[in-house]
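# Sequence plus predicted model, see below.
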Amino acid sequence: MIQVAGLSQTFKARTGTVEALRNINLEIANGEFLAVIGRSGCGKSTLLRLIAGLLRPSVGGVLLAGEQVTRPRRDVAMVFQRPALLPWRTVLDNVLLPIEIFRLKRSEHQDHAMRLLAMTGLTAFANRLPHELSGGMQQRVSLCRALIQRPKVMLMDEPFSALDALTREELAVELQRIHMELGTTVVFVTHSIQEAVLLADRVAVLSARPGRLRRLVDVDIPRPRSFGHNAHLEQVATVSAELHQLLLHNDEPQQHTPEPRPPRTRTRRGVLT
């Protein structure tokens, strides 16, 4: 689905050139959930914006379904740290905003919007304004807005970082359920090892600036997963410890081009534990 080939990115600054990313090679399979973690300033968000076509790479490139990414695409949606809802529009109207931007027929997408609101527990709030919702509910609306265009790829830049711990856990579990149901390819930037282990099929660990791919870690733990006590605590602890050690030590990253992981077979609906 996504190929990142020899990707490097530099920016001009007052003090000279800042190298954000260096020689990133990565393949992401169709339907895969890839988490990207690393220290602050290592280029995680820059990588996401390059995949989205919001930045032009200094070296290398990104292919999506075999096509070079040179600009934003309709089949790629992005979710940011803040929901950025329009305060004068209702929840339903905010979800349908991309449909209006792309000049599509609202009537053909309204039922889909209501299904997404139902999926995220927001049906009763369809006609509410954003200021009437909690932060977690607003981020759910943002997620529905990203999904309304039925994207092939969803890019998420620390979407839960501004939320309290309990809401953050609830939304992470909700995102896992939605991904299991829809099978959208997701690239998810986070600082949280816990979130990465809960959500990801693989975790890409970036080195400190300039960001280089240190290692790809498989998260081979059955789904659905949970933050609480479950039958897979030992596996969760093992993967978490490996990621923790990788983030603590800044050794040289691996140099070979990693192979894409085939997507898992997913159930239509999962029962959360």
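The structure has been received and is ready for your questions.
# how close does the residue nearest the centre of the chain get to Gln3?
Closest residue to the average C-alpha location of the chain: Phe188 at 2.5 Å, with CA atoms, centre = their mean. Distance, Phe188 to Gln3, using CB to CB, to the nearest Å: 18 Å. In short, each C-beta sits where N, CA and C put it, glycine included.
# same check, this time on Ile37
Taking CB to CB, one finds Ile37 at 21 Å from Gln3.
# More neighbours: those two, which one.
Ile37 (24 against 19; other CB atoms under 10 Å).
# Strand partners (parallel or antiparallel) of the helix or strand where Thr10 lies?
Secondary structure assignment for Thr10, by DSSP states H and E: strand 2-13. Using DSSP bridges, strand 2-13 pairs in its sheet with strand 16-28 (antiparallel), strand 59-64 (antiparallel).
# count of residues packed around Ala237?
Neighbours of Ala237 (other CB under 10 Å): 11.
# How many residues are close by Leu97?
For Leu97, using other CB under 10 Å, the count is 14.
# ok, now Met78?
21.
# Does Val141 touch Glu132 like I think?
No: in this structure, Val141 is not within contact of Glu132 by CB atoms under 8 Å, at 11.2 Å.
# who's more crowded, those two?
Val141 (25 against 12).
# In a helix, that one, correct?
Yes: assignment of Val141 by DSSP: H, G, I helix; E, B strand; the rest coil places it within a helix.
# For Val95, list the residues it contacts.
113, 116-117, 141, 144-145, 148 (CB atoms under 8 Å, 6 or more residues apart in numbering).
# okay, those residues in a markdown table with secondary structure, distance to Asn23 and pLDDT next?
What follows is these, written out as a markdown table (DSSP: H, G, I helix; E, B strand; the rest coil; distance: CB to CB, whole Å; pLDDT from 0 to 100):
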| residue | secondary structure | distance to Asn23 | pLDDT |
| --- | --- | --- | --- |
| Ala113 | helix | 41 | 95 |
| Leu116 | helix | 38 | 94 |
| Leu117 | helix | 43 | 95 |
| Val141 | helix | 38 | 96 |
| Cys144 | helix | 37 | 95 |
| Arg145 | helix | 34 | 95 |
| Ile148 | coil | 36 | 94 |
